[in-house]
Structures are given as C-alpha cells and as structure tokens.
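J.: got a sequence here, can you build the structure:
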Amino acid sequence: MARWTSFIVGAVVALAAASLLVRFVSNEYFFFAGYVVLQFIVLATAWNILGGYAGYVNFGSGAFFAAGAYTAVALIKGFAAPLPVQIAAAALVSGLMGFAVGAMTLRLRGIFFSIATVAVAVICENVNADAASVAYEMKESLCFRHSPFFRQFTYSRLVSQHFASGEGGFTAECLLDAKCFIPFAHAFGSGEGADSRVSLPGPDATAADFAGWLAGFPRQTVVLVNAASGSGDFVGVLAGPKRLIVTATRTALERNESRFATPFVRGLTSGEADADKDGRVSVLEAFAYAKREVARVYETDNKMLTEHAALSDSGLARSVSFSAQRGQSAPLDPRAAALVAERSELEAKVVALRGRKDSMPPAAYEAELERLLVQVAEKSQAIRALGTGGQR
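T.: Sure, this is the predicted structure:
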C-alpha cells in the first residue's frame, strides 16, 4: 500500500510540474520531448497488456493510438472541445475500434493474429493518407482559387508534369518573360533534408523534386513559398542565386499544422503589411507581417508557439515587391516615393552583387557591399525623416 501511495503522489507531482512547464516555459523542446515520452509509455503499456499478459503479438497498437489522437484533433479543431472531452472521446473511439477488430481477430492464434493486426495498421495508414489529400484539395479550393494575388501571379500544386508542360496555372508570360514568379505550396509536410516532402494528391513532392523543377527557370527570380508543416529544410536544399525560399517553419521537426499561409497571403494582397507606406508590399514585409500575426494568434489562443517561419535571403526578399491592394494607404509625399524607388534600385544592386561574390576578390566584394548598404541606410533614413515610415 505504501508503494502505491508513493507512486500516486509522485505521479501527481510530475503532472503538476508538467502543467507549470507548459504555461511558463516557451521552449517547445520540453513539450515535444514530454509528448514523445508519454506517447511511448502508452504504447509500451498497451503492448505489455496484450503481449505480456494475454500472449498476443500485436503490431496494430499504433493504429488504435492514432485513431484516438485524430479524434482528439478533430474535436479541438472543429468544435474547440475541452481536454476532458477530447480524452473521453479518444478513449471511446479507440476502444470501439479495438472491440470491432478484436471480434474479428481474437479467434486467430500465433502468426495469423499478428498478420491481421499488420493489416489493420496498413488500412489505417491508407485511410489517413487519403484524408490528407482530400483536406489539401479543400484548402486549395477555399484559400487560394479566389485570391486576387494568385489570379495575377498564379498558383500551382507544383506537380512535375505541370512544370514539364508549362501547364498547372502558370501563364506563358509569367514563366518566360516575367522577372519573378511565385509557386506556392500549402499542405502537410514530412521528412527531413532533401527528402522533406509536401503531401500532394498522388506521389508526395520532395525538396529534391522541387530543386529539379526549379532548375528549369535560371533567368527568372523565383520566390518559392512552402507554407506546409515541417517545411524548414526546404531552405537549405533549394536556396540559391535569384531564388528566395520562404517556409512556414524553421526546422523539419515543427510538424503541427501551420498557420502561416493565411496571414502571408493577406499581407501580399492588402496594404496591411506595407510597413513603409510606399504603396508596394515586399516579400520581406509580408513575411514579417505573417510572423507577427502567427505569434499573435498563438498568444490569443494561449498556446505555445510551435512554428517559426524562415526565409533564405532577406536582401532578395526586400527587393521583390508588388503593388498594394487599391484603397490602401500610399505615400503622401511624392519625394518619399522617389526615395523608395531609389532604395529599391540599390537593394537590387545588393542582390546582384551577392550573386557575383564568388567571382570577385574578397576585399573588393566587401568594399562594394559596404558602399551599397550605406547608401540603402541613408535612403531609409531620409524616408523616415519625411514621416512615412520606411523601416523594413
């Protein structure tokens, strides 16, 4: 009895400490590590009950665990259900699923039971994969098809045959003559490094696939926006000259559903992100705006921030800009507009200089870069002096 009392007291203390950590520690590592530990405790306990006490070798434990987890996610996303309701519903769904599967398989013995549980796991995996594709198609239709920004700069799922044929929504002018085009991916991500991938209908596209597709556009400035979860490794794989990579997360391990896409698109399609009030929105301004909005949403919901957006080249992001939506603020002083145009030219020169870095002597490169950056700073100071903002 004393042993059980000590165990219960220790468990209560551990749960209280975990609750305090979630509320007062902002580092997501503790949340991730604690979740993984508890997850494997649950799976090990399930295996011990069925394999240790009953003697059944069960390879389908993960399927029942996933059924409960997806039930909880559906309740919180769709109905904002409280945690006790999520726990009860997850236990009920996974229990009913276990009862149904057990009624069909517990009459089997030995390897035949194990094969049946493998089949259950494979079936659940395929159901989940199909559901992800359906969800992606729904998001594509609801979020982007009617966006004025993507009517102008086009949106594609970036499937390989679309790149090869020039189809998939990109106009010939955008692909062949334009200075810049923006492929945009918004889905679920997985994998790491060159094997990082975006879940698309059909075969998932990896970062290596994107690298091959984008290699066909050496003359254009390409801005690739990957708003998928776990998209951080796309930056290292795809970054290069005249290529700007924007991702919703900074690592492949930030795999919770991303909220970056909506504020980023809103920033580009309206004047809300126009920090210097010059009537144009740069990719850097939209990126900074989206990061602020994502952090604000998490803070409003009293949740720990689990995504940190990243981009490959802030200089190129500053130089690529688009007209702000009509009806939004524009510079009141024409002198400010002229200064902003001059600053944009200087920023473009900085980007071009960085592209020639490897072919220049280090001393000459650093001297020229310093000269251009000083001029950019002087223009920014002059814009701020006119009272129109200008800080990027």
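
J.: for this structure, which spans come out with low pLDDT?
T.: Where the chain drops to pLDDT under 70, the residues are 1-2, 22, 25-28, 128-183, 185-187, 200-202, 323-333, 387-392.

J.: quick one: the strands in it?
T.: Using DSSP state E, the strands of the chain run over residues 180-181, 184-185, 189-190, 197-198, 205-206, 221-226, 243-247, 280-282, 310-311, 321-323.

J.: and of the ones you listed, who's closest to residue 46?
T.: strand 189-190 (24.3 Å; Cβ to Cβ). Heads up, the C-betas are built off the backbone N, CA and C, glycines and all.

J.: against which helices or strands is that closest one packed?
T.: Other helices and strands packing on strand 189-190, by 3 or more Cβ pairs under 8 Å, 6 or more residues apart in numbering; DSSP states H and E, are strand 197-198.

J.: each with direction, which strands does the strand it packs on pair with?
T.: Strand 197-198 sits in its sheet next to strand 189-190 (antiparallel), strand 205-206 (antiparallel), going by DSSP bridges.

J.: deepest of these, which one?
T.: A comparison of the strands paired with strand 197-198 by mean neighbour count, using mean count of other Cβ atoms under 10 Å, puts strand 189-190 on top with a mean of 22.

J.: all helices for the stretch 201-350 of the chain, in order.
T.: Secondary structure of the stretch 201-350 of the chain (DSSP state H, counting those that start in this stretch): helices at 207-214, 234-238, 261-269, 283-300, 314-319, 334-355.

J.: and the residue nearest to residue 116 when sequence neighbours are not counted, how far is that from residue 346?
T.: Spatial nearest neighbour of residue 116, chain neighbours left out: residue 105 (4.3 Å); criterion: Cβ to Cβ, 6 or more residues apart in numbering. Distance, residue 105 to residue 346, by Cβ to Cβ, to the nearest Å: 70 Å.

J.: can you check residue 7 too?
T.: Counting by Cβ to Cβ, the gap from residue 7 to residue 346 is 67 Å.

J.: counting neighbours, go ahead and name the busier of these two.
T.: Between residue 7 and residue 346, counted using other Cβ atoms under 10 Å, the more crowded position is residue 346 (19 against 10).

J.: quick check: the more buried one touching residue 372?
T.: Yes: at 5.8 Å, residue 346 counts as touching residue 372 under the criterion of Cβ atoms under 8 Å.

J.: which one is residue 241 nearest to, not counting chain neighbours?
T.: Residue 241 sits nearest to residue 355 (Cβ to Cβ, 6+ apart), 4.5 Å away.

J.: tell me how far residue 124 lies from residue 62.
T.: 8 Å.

J.: how many neighbours does residue 18 have?
T.: Count around residue 18 with other Cβ under 10 Å applied: 14.

J.: pull the contacting residues for it.
T.: Residues in contact with residue 18 (Cβ atoms under 8 Å, 6 or more residues apart in numbering) are residue 34.

J.: gap between it and residue 304?
T.: Applying Cβ to Cβ to residue 18 and residue 304 gives a distance of 13 Å.

J.: now swap in residue 320 and tell me
T.: 32 Å.

J.: then residue 321?
T.: 33 Å.

J.: which one's more surrounded, these two?
T.: residue 321 (22 against 16).

J.: touching, the more buried one and residue 343? I think so.
T.: No: in this structure, residue 321 is not within contact of residue 343 by Cβ under 8 Å, at 10.9 Å.

J.: alpha carbons of stretch 44-60, as PDB, please.
T.: Extracted in PDB, the C-alpha atoms of stretch 44-60 (Å, rounded to 0.1, in the frame of the first residue of the first chain):
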ATOM      1  CA  ALA A  44       4.600   0.200 -24.200                       C
ATOM      2  CA  THR A  45       1.700  -0.300 -21.700                       C
ATOM      3  CA  ALA A  46      -0.600  -1.400 -24.500                       C
ATOM      4  CA  TRP A  47       1.900  -3.900 -25.800                       C
ATOM      5  CA  ASN A  48       2.600  -5.200 -22.200                       C
ATOM      6  CA  ILE A  49      -1.100  -5.900 -21.600                       C
ATOM      7  CA  LEU A  50      -1.800  -7.700 -24.800                       C
ATOM      8  CA  GLY A  51       1.600  -9.300 -25.500                       C
ATOM      9  CA  GLY A  52       2.800  -9.800 -21.900                       C
ATOM     10  CA  TYR A  53      -0.400 -10.900 -20.100                       C
ATOM     11  CA  ALA A  54      -2.500 -12.300 -23.000                       C
ATOM     12  CA  GLY A  55       0.300 -13.600 -25.200                       C
ATOM     13  CA  TYR A  56      -0.900 -12.000 -28.400                       C
ATOM     14  CA  VAL A  57       1.800 -10.400 -30.600                       C
ATOM     15  CA  ASN A  58       0.000  -7.200 -31.800                       C
ATOM     16  CA  PHE A  59       1.500  -4.900 -34.500                       C
ATOM     17  CA  GLY A  60      -1.500  -2.700 -34.700                       C
END
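
J.: flag every buried residue along stretch 347-363.
T.: 347, 348, 349, 350, 351, 353 (16 or more other Cβ atoms under 10 Å).
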